[in-house]
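[1] give me coordinates for this.
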Amino acid sequence: MLSVLYETFLARAVEIGDHAANAGGVTRAGGGVGVGTDGVEFLRGLEEEERKLFRAAHDSAKATKAWMNDVKKA
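    Have a look, this model is predicted:
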């Protein structure tokens, strides 16, 4: 049973990471992540820990993109 739960978590984490990296990078008023209409239903289906993972992955992707843009300017 442990291996099934582990594999399920990994598959879900990959899916969440993919959505987070492709969330559009647009922020809404109040600081929320703008995900467009495609991602809204996905986000509604996340539980609290999954939302935390989504936020961390999204913030990381944005920070990496900003860093890469800074490197290109230098």
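[2] so residue 67 is in which element?
    helix 48-73 (DSSP states H and E).
[3] low-confidence stretches in this structure?
    24-38 (pLDDT under 70).
[4] before we move on, back to that, and the helix holding residue 67, which residues are buried?
    If you call a residue buried by 16 or more other CB atoms under 10 Å, then helix 48-73 has these buried ones: 50, 53-54, 57-58, 61-62. Where you see a C-beta, it was placed from the backbone N, CA and C, and this is true even at glycine.
[5] tabulate those residues (a markdown table), appending distance to residue 21.
    As requested, these are exported to a markdown table (distance: CB to CB, whole Å):
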| residue | distance to residue 21 |
| --- | --- |
| 50 | 15 |
| 53 | 12 |
| 54 | 10 |
| 57 | 7 |
| 58 | 7 |
| 61 | 4 |
| 62 | 9 |
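[6] of those residues, closest to residue 22?
    For the buried residues of helix 48-73, the minimum distance to residue 22 (CB to CB) is 8.5 Å, reached by residue 61.
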